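> no sequence for this one, just the structure:
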């Protein structure tokens, strides 16, 4: 069973994600174990402070390195064999090959979600790597963590039920999935390609291969 641990200030964001569709089924079948850790419980003082103003001035608040250190240490004490991943726009861009790598990683995967203006830069020294969804900014790392978790989880054995479902998917072997169609055969003058209706299996396979290439 693959274990994912997500550190977030807003655990409620994950309620629908965890209790819907294939993720819910995989949890029920013990393929996945997903734990959400509320960063607030490691906050400092009576008000459980997790952020502070940046040195040197500037807008917004920064997540405190001491709070993050407490959270990561607590998780590693309970889950010694863990890889800690910081979800950061400055991280390496997430790809399908990276999803495959994470799906076979024997360690538990810990995703640390940012908020506000980001992390104290010293947090980099507390984690194993940084990953980004792309060159854009989100309000926090929660959406990124869900995207990476799902892309990784669906590569696990039995997650999709049939391994054939993965064989011709987009970005498998750097190809895109070929176009697919279903009934009706003609809709508003848009027709299904004749080759797919021909019944010639070899020609159909050739057509699918030709239409699953990524433009260079």
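Yes, it's here. As the structure is a computational prediction, the values presented were derived from the model and not from experiment.

> going by C-alpha atoms from here, please, whenever you check contacts or count neighbours.
OK.

> the residue most central in space within the chain - nearest residue in space that isn't next to it in sequence?
In the chain, the centroid-proximal residue (Cα atoms, centre = their mean) is residue 148; its distance is 1.0 Å. Distances taken as Cα to Cα, 6 or more residues apart in numbering place residue 99 nearest to residue 148, at 7.2 Å, with adjacent residues excluded.

> residue 139 too?
Computed as Cα to Cα, 6+ apart, the closest residue to residue 139 that is not its neighbour in sequence is residue 115, at 6.4 Å.

> any idea which helix or strand comes after the longest strand along the chain?
Longest strand in the chain, counting residues (DSSP state E): strand 82-93. Next helix or strand after strand 82-93 toward the C-terminus (DSSP states H and E): helix 96-104.

> list the strands paired with the helix or strand following that following helix, with their directions.
Using DSSP H and E, the helix or strand that follows helix 96-104 in sequence is strand 108-113. Using DSSP bridges, strand 108-113 pairs in its sheet with strand 2-8 (parallel), strand 82-93 (parallel).

> can you lay out these as CSV showing mean neighbour count, mean pLDDT and distance to residue 184?
Output for the strands paired with strand 108-113, formatted as CSV (neighbours: other Cα atoms under 10 Å; pLDDT from 0 to 100; distance: least, Cα to Cα, whole Å):
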stretch, mean neighbour count, mean pLDDT, distance to residue 184
strand 2-8, 22, 98, 41
strand 82-93, 20, 96, 39
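
> lowest average confidence, helix or strand, in this structure?
helix 164-167 (a mean of 54; mean pLDDT, DSSP states H and E).

> now residue 145, nearest residue through space, not along the chain?
Distance criterion Cα to Cα, 6+ apart; nearest residue to residue 145, sequence neighbours excluded, is residue 111 at 6.4 Å.

> typo on my end, it should be residue 181
Counting by Cα to Cα, 6+ apart, residue 192 is the residue found nearest to residue 181 once chain neighbours are left out, at 6.5 Å.

> any idea how far the helix ranked longest in the chain is from the chain center?
Secondary structure assigned by DSSP state H gives helix 65-78 as the longest helix of the chain. Taking Cα atoms, centre = their mean, to the nearest Å, one finds helix 65-78 lying 21 Å from the centre of the chain it belongs to.
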